[in-house]
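Visitor: curious how this folds, go ahead:
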Amino acid sequence: MFGIVHFPFFVAAVFLLNVTPGPDTAYIVGRSVAQGRGAGLMSALGICSGCCVHTIACAFGLTALLAASATAFTVIKFAGAIYLIYLGVRLAFWPSSKSEAATVQTGETPAQASRTLRQLYLQGFWTNVLNPKVVLFFVSFFPQFVSTDSEYKAFAFLSLGGVFIAMSVMWCLFLVWVASSVTQRLGGTPTVKKWLDRVVGSAFVGLGLRLAAVHR
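Guide: Predicted coordinates for the structure are as follows:
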């Protein structure tokens, strides 16, 4: 239908890809463990929104152009790496990150809580959009399930992207629920929370360094 082929294999592959640990999984789990369920949820929604951008770009050929450009790939790679390292350092060491870590659990006003959640959403969004590995994934994976002679290629890509995002959202919500339960069991003492922030922040820095080393 609409040029989509081997759809059952697509669904099975997406499921396996979702349950395989990767940078997005590490980011969501890290936020959920260090900052609670609200932070994990907004981070997950931000990452899935980034996938919407990649889906649209893939449907209209922009992803392929980006992947083919060494300069564009390098710029996005280092932008994403620097951003992840910045978030990691901020979470681990900067006092200002405490306002983010508190999320909506420390008596913030509704306006402050809304601003905090919006920041977490945008951070998840940009970590996904600025990840060149996601660009390469979309440009190499999705075309395998679209017929080359289809008259509806763009619609086929958008449909596959919708399925991919829906499955990813369900998996991410499950991750948030499981990971945030760890925080509840460990307790909310300042000492535990401080070390969780530092561990997760260090993990973000590691993800950023790893991203900087990615080759096309």
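Visitor: buried set for the host helix or strand of Leu45?
Guide: Using DSSP states H and E, Leu45 maps to helix 37-59. Across helix 37-59, burial judged by 16 or more other CB atoms under 10 Å covers 37-52, 54-55, 57-59. C-betas here are computed from N, CA, C, even on glycine.
Visitor: cool, stretch 133-142 as well?
Guide: Buried residues in stretch 133-142 (16+ other CB under 10 Å): Val134, Val135, Leu136, Phe137, Phe138, Val139, Phe141, Phe142.
Visitor: stretch 74-90 too?
Guide: For stretch 74-90, by 16+ other CB under 10 Å, it's Ile76, Lys77, Ala79, Gly80, Ala81, Tyr83, Leu84, Ile85, Leu87, Gly88, Val89, Arg90.
Visitor: can you check stretch 198-216 too?
Guide: Result for stretch 198-216 [16+ other CB under 10 Å]: buried residues Val200, Gly201, Ser202, Ala203, Phe204, Val205, Leu207, Gly208, Leu211.
Visitor: from the contact counts, what lies against the helix holding Leu45?
Guide: Counting contacts by 3 or more CB pairs under 8 Å, 6 or more residues apart in numbering; DSSP states H and E, helix 37-59 is packed against helix 23-35, helix 62-68, helix 110-129, helix 132-141, helix 153-186.
Visitor: again, only using 7 Å
Guide: On a contact count with 3 or more CB pairs under 7 Å, 6 or more residues apart in numbering; DSSP states H and E, helix 37-59 meets helix 23-35, helix 110-129, helix 132-141, helix 153-186.
Visitor: nearest to Ala13, out of the ones you listed?
Guide: helix 132-141 (7.6 Å; CB to CB).
Visitor: show me the shaky parts of this protein.
Guide: Scanning the chain for pLDDT under 70 picks out the ranges 1-2, 94-115, 183-193, 196, 215-216.
Visitor: spit out the contact partners of the residue nearest the centre of it.
Guide: In the chain, the centroid-proximal residue (CA atoms, centre = their mean) is Ile47; its distance is 3.3 Å. For Ile47, the contacting residues are Asp24, Tyr27, Ile28, Gly124, Thr127, Asn128, Cys172, by CB atoms under 7 Å, 6 or more residues apart in numbering.
Visitor: hmm, try it at 8 Å
Guide: Asp24, Tyr27, Ile28, Gly124, Phe125, Thr127, Asn128, Ser168, Cys172 (CB atoms under 8 Å, 6 or more residues apart in numbering).
Visitor: correct me, but the first one touches Phe125?
Guide: Meaning Asp24. No: counting by CB atoms under 8 Å, Asp24 does not reach Phe125; the two are 11.4 Å apart.
Visitor: more neighbours: which of the two?
Guide: Using other CB atoms under 10 Å, the more surrounded residue of Asp24 and Phe125 is Asp24, with 26 against 21.
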